[in-house]
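*Asks:* Next input, structure requested:
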Amino acid sequence: MSSTTTPTPQASLTERRKAETRMEIARAAAGLFVRHGLRATRAEDIAQAAGIAPRTFYRYFATKEEAVAPLYAAGAQRWVEAVRAAPAAVSVAHALEEGVRHTLTPGVGVSASSWEWVRTLLRLAAANPSLRRVWAEVCQDSERMLGEVLAQRVTRAGTATGSAATAGDDNVAPASQQDLAERESRLADQELSIADSGRRLADPEPSLADPERRLADFEPRFASPEPRFAYAESRFAAAVASAAVRTALEGWAEGDGPAEGPGSPADLALRNLAALRDFPFGP
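*Replies:* I've put the predicted structure just below:
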């Protein structure tokens, strides 16, 4: 599938022009899909609406369904970048919530008039396997990028903590046998916690009928300071957060809720994230 990444400020002029052309094609495709439906729209129709030749269309996208990938990706990347830009002192949970407000509030991330287009495109993705695959790939790419951002935050927090702990001490000794034993003990405890969570899922207890108790019991005990675990843990946290936002968008698109206020995409996504407030997203 064609790349949907928005170029950075350092991108070359050629890359920026290509990204602009991809987005122009995406808007033309979305407009035709919304007005005429996916089945009735041909790649040639999209090319004509975008003011390009069909061969130019196929230089950017292999299929008509892929043509809307840049639009799907734009909102996801805006959320990731908002989390990346959050001050280091802000918690990950708060950064995720503020990112949702920035991305899903009409007039801030997406214009108010465009939200019905968003609803239609998500409904089309739910109904069409080819378009659903495009949506899934965009979500997966977004999740990967968010995982990298969260890993960077964890690494920076760990570095700051380590620097504070060793300030004024230039004689840093290698890890002792006791230190290594303690690390192995922590890892063993984490493995037992994860295994116990799996056991509870396979053999649920009556107390799990309480949603708050269930969430607390299943909460992964990720607090490992070892850098080699930071990325894996951050990928898991990114998957949880991304699912919270994705399901909010898809649930909203299935109904007829408003674009703003109670029942809106931002409101539903914030509710989902609030349910995960005790999840160990990281510093």
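
*Asks:* Going by neighbour count, list what's buried in the helix or strand hosting residue 73.
*Replies:* Element membership of residue 73, judged by DSSP states H and E, is helix 69-85. By 16 or more other Cβ atoms under 10 Å, the buried positions in helix 69-85 come out as 69-84. From N, CA and C alone the C-beta is placed, and that goes for glycine too.

*Asks:* and residue 262, helix, strand or coil?
*Replies:* The local conformation at residue 262, judged by DSSP: H, G, I helix; E, B strand; the rest coil, is coil.

*Asks:* moving C-terminal of the helix or strand of the chain with the lowest mean pLDDT, what's the next helix or strand?
*Replies:* Lowest by mean pLDDT, DSSP states H and E among the helices and strands of the chain is helix 211-218, with a mean of 40. The helix or strand immediately downstream of helix 211-218 is helix 227-254, counting by DSSP H and E.

*Asks:* Quick one: list the elements packing against that next one.
*Replies:* For helix 227-254, the packing partners by 3 or more Cβ pairs under 8 Å, 6 or more residues apart in numbering; DSSP states H and E come out as helix 92-104, helix 115-127, helix 129-166, helix 265-275.

*Asks:* re the thing from before, show me what the helix holding residue 73 is packed against.
*Replies:* Short answer (3+ Cβ pairs under 8 Å, 6+ apart): helix 69-85 packs on helix 13-36, helix 92-104, helix 115-127, helix 129-166.

*Asks:* can you give me the mean pLDDT across the last one?
*Replies:* What it means is helix 129-166. Here helix 129-166 scores 82 as its mean pLDDT.

*Asks:* quick one on the thing from earlier: which one of the helices and strands packed on helix 69-85 lies nearest to residue 265?
*Replies:* Counting by Cβ to Cβ, residue 265 lies closest to helix 92-104 out of these; the figure is 4.6 Å.

*Asks:* which residues are contacting the closest one?
*Replies:* 75, 78-80, 82-83, 86, 90, 108-110, 150, 153, 237, 241, 245, 249, 264-266, 269-270, 273-274, 276-277, 279, 281-283 (Cβ atoms under 8 Å, 6 or more residues apart in numbering).

*Asks:* among the helices and strands packed on helix 227-254, which is the most enclosed?
*Replies:* Ranked by mean neighbour count, those are led by helix 92-104 with a mean of 22 (mean count of other Cβ atoms under 10 Å).

*Asks:* Could you check the angle that one makes with helix 265-275?
*Replies:* 170 degrees (axes from the mean of the first three to the mean of the last three Cα atoms, to 10 degrees).

*Asks:* Could you report the neighbour count for residue 277?
*Replies:* Around residue 277 there are 12 other residues, counting by other Cβ atoms under 10 Å.

*Asks:* Just put the helices and strands packed on helix 69-85 in a markdown table and tack on distance to residue 257.
*Replies:* Shown next, in a markdown table, are those (distance: least, Cβ to Cβ, whole Å):
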| stretch | distance to residue 257 |
| --- | --- |
| helix 13-36 | 18 |
| helix 92-104 | 12 |
| helix 115-127 | 9 |
| helix 129-166 | 19 |
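
*Asks:* Now flag whichever of the buried residues of helix 69-85 is closest to residue 145.
*Replies:* Within the buried residues of helix 69-85, the smallest distance to residue 145 is 4.8 Å, found for residue 80 (Cβ to Cβ).

*Asks:* Please name the residues that touch that closest one.
*Replies:* 99, 142, 145-146, 149.

*Asks:* Out of those residues, which comes closest to residue 231?
*Replies:* Checking these against residue 231 by Cβ to Cβ gives residue 149 as the nearest, at 11.3 Å.

*Asks:* Residue 248 and residue 264 touch, don't they?
*Replies:* No: Residue 248 is beyond contact range of residue 264, at 9.3 Å (criterion: Cβ atoms under 8 Å).

*Asks:* neighbour-wise, which of these two wins?
*Replies:* Higher neighbour count among residue 248 and residue 264: residue 248, with 22 against 19, using other Cβ under 10 Å.

*Asks:* How about the contacts made by that one?
*Replies:* Applying Cβ under 8 Å, 6+ apart to residue 248 gives the contacts 265, 268-269, 271-272.

*Asks:* Repeat the analysis, applying 7 Å as the threshold.
*Replies:* By Cβ atoms under 7 Å, 6 or more residues apart in numbering, residue 248 lies in contact with 265, 268-269, 272.
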